[in-house]
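Asker: curious how this folds, go ahead:
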Amino acid sequence: MQNHYGSNIKKGAGILIITLLVAAPFNSCENSNQAVTKIPVTDTGNTVLANDSTITLDTTINISNISSSNYSGNQLSGNLAKQVLYSFFKKKGDFISGKVPSTILAADSNKLEVEYDTIYFADINKNKFRDAVISYWLTPPHASGHCWQPHKAIIIDTDSGYKITNEEFIPTNYSIDSIQSNQGSTKLFGYDYDCGNKKIIRQLRLTLK
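Answerer: Residues are numbered from 1 along each chain as shown. Here you go, the predicted model:
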């Protein structure tokens with residue numbers, strides 16, 4: 001898959017979206033652009049108030065490969081999530097942040113560089129072990145000068161350990177503010193961000209099923 005800058009980006013599991021548009025304002029978070037013009041997604045940052053005319057996309061996303069497990073290892077943490085993420089992309093043949101050669105050979109020209117960004121804990125498969133939505137940068141090696149936004153996937157416990165699943169279950173322009181898991185329901189709150197024009201298009205309230 002190519003993003004709107006023409007760079008090759010990997011495509012993960014498909015999604016089914018049932019859309020309902022509702023008019024309502026909502027608070028969002030945004031941090032200043034970095035030197036590479038990445039738009040960080042964290043739980044903290046400068047508050048950006050949406051215009052009164054900003055709509056809210058209230059939708060349900062059906063995620064796949066989610067089931068209960070007999071996992072009995074360590075509880076999910078940011079460090080464990082980073083290890084799982086890097087192992088996942090290393091097996092695909094991609095570069096890990098901090099371990100990219102200064103010169104990219106022609107044979108490696110299609111490889112991407114992955115860098116851990118943020119973890120948002122949740123209870124997705126409804127057991128005592130935490131799951132999460134994880135965001136990460138996935139760009140050409142040594143990328144610069146473009147408006148990259150983080151990719152998202154789900155990390156969940158399985159019988160054989162924590163695994164990455166449902167890559168790209170939401171688009172990169174969907175930025176996350178927070179996640180709430182309550183009574184078997186997981187909701188993601190955030191905003192649809194137009195990076196090129198530096199503006200919020202709409203607020204998001206996404207229910208994961």
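Asker: how many other residues sit next to residue 116?
Answerer: By other CB atoms under 10 Å, 20 other residues sit near residue 116. No exception for glycine: its C-beta is placed from N, CA and C like everyone else's.
Asker: report pLDDT for it.
Answerer: Listed pLDDT for residue 116 reads 98.
Asker: that one and residue 84 touch, don't they?
Answerer: No. Residue 116 is beyond contact range of residue 84, at 9.9 Å (criterion: CB atoms under 8 Å).
Asker: mind listing the helices for the chain?
Answerer: Along the chain, the stretches classed as helices by DSSP state H are 78-92.
Asker: for residue 82, give its distance to residue 162.
Answerer: 11 Å (CB to CB, to the nearest Å).
Asker: quick one, which of these two is more surrounded?
Answerer: Neighbours of residue 82 and residue 162, each counted by other CB under 10 Å, are more numerous for residue 162; the result is 26 against 18.
Asker: show me the contacts for the nearest residue in space to the more buried one that is not next to it in sequence.
Answerer: Using CB to CB, 6 or more residues apart in numbering and skipping the chain neighbours, the partner closest in space to residue 162 is residue 84 (4.9 Å). Shown in contact with residue 84 (CB atoms under 8 Å, 6 or more residues apart in numbering): 155, 161-164.
Asker: so which of those residues are in strands?
Answerer: Members of the contacts of residue 84 lying in strands (criterion: DSSP state E): 155, 161-164.
Asker: now for residue 57, how many residues are close by?
Answerer: 19.
Asker: again but with residue 121, I slipped
Answerer: Applying other CB under 10 Å, we find 18 residues neighbouring residue 121.
Asker: now the one 3 residues further on
Answerer: Close neighbours of residue 124, defined as other CB under 10 Å, add up to 24.
Asker: give me the phi and psi for it.
Answerer: Backbone torsions of residue 124, given as degrees, to the nearest 10, read phi -100, psi -40.
Asker: how close does the residue lying closest to it once chain neighbours are set aside sit to residue 121?
Answerer: Spatially, and ignoring its direct neighbours in sequence, residue 124 is nearest to residue 131 (4.0 Å; CB to CB, 6+ apart). Note on residue 131: its distance to residue 121, by CB to CB, is 7 Å.
Asker: now do the shared contacts for those two.
Answerer: Shared contacts of residue 131 and residue 121 (CB under 8 Å, 6+ apart): residue 76.
Asker: picking up where we left off before, tell me the contacts of the residue nearest to residue 124?
Answerer: The contact partners of residue 131, by CB under 8 Å, 6+ apart, come to 76, 121-125, 154-157.
Asker: 6 Å - rerun?
Answerer: 122, 124, 156 (CB atoms under 6 Å, 6 or more residues apart in numbering).
Asker: which one of those residues is nearest to residue 65?
Answerer: The shortest approach to residue 65 among the contacts of residue 131 belongs to residue 156, at 8.1 Å (CB to CB).
Asker: middle-most residue in the chain, spatially?
Answerer: Among the residues of the chain, the one closest to the centroid is residue 152, at 1.9 Å (CA atoms, centre = their mean).
Asker: what about it, distance to residue 207?
Answerer: Distance, residue 152 to residue 207, by CB to CB: 15 Å.
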